[in-house]
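Participant: got a predicted structure here, sequence first:
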Amino acid sequence: MARQALGKGLDALIKQTQEVTNLPTEQAAAVVANMPGTSVQKIELSKIVPNRFQPRRVFNEEKLQELASSIKEHGLTQPIVVVYDTSLDKYEIVVGERRFRATQLAGLTYIDAIVHTHLEDQQMCALALIENIQREDLNPIETALGYRSLMNKFFIKQNDLAAYCGKSKGTISNTLRLLELEPEIQQALQNGVLTEGHARALLMLGGQKRSDLFSRIVKAKMSVRQAESAAQALLAPSKEAAKKAKPSEVLDFENSLQDALGTKVEVKYGKSMQKGTLVIHYHSLDELDNIASRLKHKML
């Protein structure tokens, strides 16, 4: 699907939003004055609700308290971004939920905000994800879930997502693979117990071997290099297993399908490739519906 799947003019909107939110409030107001459908206002905190597409799951309480103390002393130097929801008579956060929460902790009643009168869901979802990624505010699992949300909700291919996020396709693909890890390992990643490097070492393995190595990494506080070495030692493929390695054309076929469907795909076969099984993985009913929709779209 073309890049326009994320909404017409999204490139300009992302750039514009980043430029304005990095300005002090008074300067932002001067710039926004020339942007149709947008204004800078002081909004009562009670009239603001979180972004439905917020990719961040974890808010560090200690850092929020530090930001709240700074806001108490110096005020909020940069505005958040919201969109007005006429049906709720509320303002939904697009960018800046961390600043909003810290302002609440600081005991303030109002906050400066850049107000859009209308944004498409695609635009809100993309802005929230990309702003957090480019500020490096998300943990790896939050980033992966954000990528998957954009791909599933708006039928976006990895190539297009990579272009919007300023990342390589390989980086997007590797990040999405983190969602193949067991919930316990994903939680350790979110909590900072593991790094993304540790997770990549664990992805080299499966089943009990992965579980055992995970326990060893945590218990021994292994470095990434140590974890990689341990994973390689557990793999130690025999000559017979090496002979069964998938041909490059099969791997290319799997990768093409994974890109088209936005999920892990495996081709399994016996001694002959004449017969086999095509396995398409999914992690939720919503993702299964999305895969079905993509398949129908390809067949039409």
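Facilitator: Perfect, thanks for sending it.
Participant: check contacts around Ala68.
Facilitator: By C-beta atoms under 8 Å, 6 or more residues apart in numbering, Ala68 lies in contact with Ala102, Thr103, Leu105, Ala106. Backbone N, C-alpha and C define where each C-beta goes, glycine included.
Participant: low-confidence ranges in the stretch 201-300 of the chain?
Facilitator: Residue ranges of the stretch 201-300 of the chain with pLDDT under 70: 237-245, 298-300.
Participant: switch to 90 and redo it
Facilitator: By pLDDT under 90, the low-scoring segments of the stretch 201-300 of the chain are 204-208, 229, 231-300.
Participant: and the helices in it, which stretches?
Facilitator: 207-220, 224-235, 239-243, 248-261, 285-299 (DSSP state H, counting those that start in this stretch).
Participant: give me the contacts around stretch 78-90.
Facilitator: The contact list for stretch 78-90 (C-beta under 8 Å, 6+ apart) reads 17, 20-25, 28, 40, 43, 47-49, 91-97, 99-100, 111-119, 124, 127.
Participant: endpoint to endpoint, that stretch covers what distance?
Facilitator: 21 Å (C-alpha to C-alpha, to the nearest Å).
Participant: in that stretch, what's buried?
Facilitator: For stretch 78-90, a neighbour-count test (16 or more other C-beta atoms under 10 Å) marks Gln78, Pro79, Ile80, Val81, Val82, Val83, Tyr84 as buried.
Participant: what's the spacing between the third one and Gly146?
Facilitator: It refers to Ile80. 19 Å (C-beta to C-beta, to the nearest Å).
Participant: next: the last one.
Facilitator: Computed with C-beta to C-beta, the distance linking Tyr84 and Gly146 is 24 Å.
Participant: drop anything exposed from the contacts of stretch 78-90.
Facilitator: 17, 20-21, 23, 25, 28, 40, 43, 48, 91-97, 99-100, 111-116, 119, 124, 127.
Participant: would you confirm that Leu105 contacts Gln65?
Facilitator: Yes - Leu105 is within contact range of Gln65, at 6.5 Å (criterion: C-beta atoms under 8 Å).
Participant: now the common contact residues for these two.
Facilitator: With C-beta under 8 Å, 6+ apart, Leu105 and Gln65 have no common neighbours.
Participant: mind listing the strands for this protein?
Facilitator: Remark: strands assigned in the chain by DSSP state E are 38-44, 48-49, 80-85, 90-95, 110-116, 265-269, 276-280.
Participant: just to revisit the earlier point, which of the contacts of Ala68 are buried? Put it as a PyMOL command.
Facilitator: To isolate the buried ones among the contacts of Ala68 in PyMOL, judged by 16+ other C-beta under 10 Å, type:
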select buried, resi 102+103+106
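Participant: farthest pair within the contacts of Ala68?
Facilitator: Thr103 and Leu105 (7.3 Å; C-beta to C-beta).
Participant: returning to that earlier point: quick one: which of the helices of the stretch 201-300 of the chain is nearest Cys165?
Facilitator: If you check each of the helices of the stretch 201-300 of the chain against Cys165 by C-beta to C-beta, helix 248-261 wins as the nearest, at 15.6 Å.
Participant: how close does the residue nearest to Leu105 when sequence neighbours are not counted get to Thr103?
Facilitator: Once flanking residues are discounted, Leu105 sits nearest to Ala68: 3.8 Å by C-beta to C-beta, 6 or more residues apart in numbering. Distance of Ala68 to Thr103, computed by C-beta to C-beta: 7 Å.
Participant: am I right that Thr103 is in contact with Ser70?
Facilitator: No - contact criterion C-beta under 8 Å: Thr103 and Ser70 do not qualify, at 10.7 Å.
Participant: all helices of the stretch 1-150 of the chain, in order?
Facilitator: For the stretch 1-150 of the chain, applying DSSP H, counting those that start in this stretch gives helices covering 10-21, 25-32, 61-74, 97-105, 121-134, 140-154.
Participant: so what secondary structure elements neighbour the shortest one?
Facilitator: To tie it back to what came earlier, the one meant is helix 25-32. helix 10-21, strand 38-44, strand 110-116 (3 or more C-beta pairs under 8 Å, 6 or more residues apart in numbering; DSSP states H and E).
Participant: lowest-confidence stretch among those?
Facilitator: Across those, helix 10-21 has the smallest mean pLDDT, namely a mean of 66.
Participant: give the bridge partners for Val265, please.
Facilitator: Following DSSP bridges, Val265 is listed with bridge partners Ile280.
Participant: against Arg210, how distant is it?
Facilitator: 20 Å.
Participant: what's the lowest-pLDDT member of the buried residues of stretch 78-90?
Facilitator: Gln78 (81).
Participant: now that residue: how far from Ala68?
Facilitator: From Gln78 to Ala68 the distance is 15 Å (C-beta to C-beta).
Participant: I'm done for today, thanks for sticking with me.
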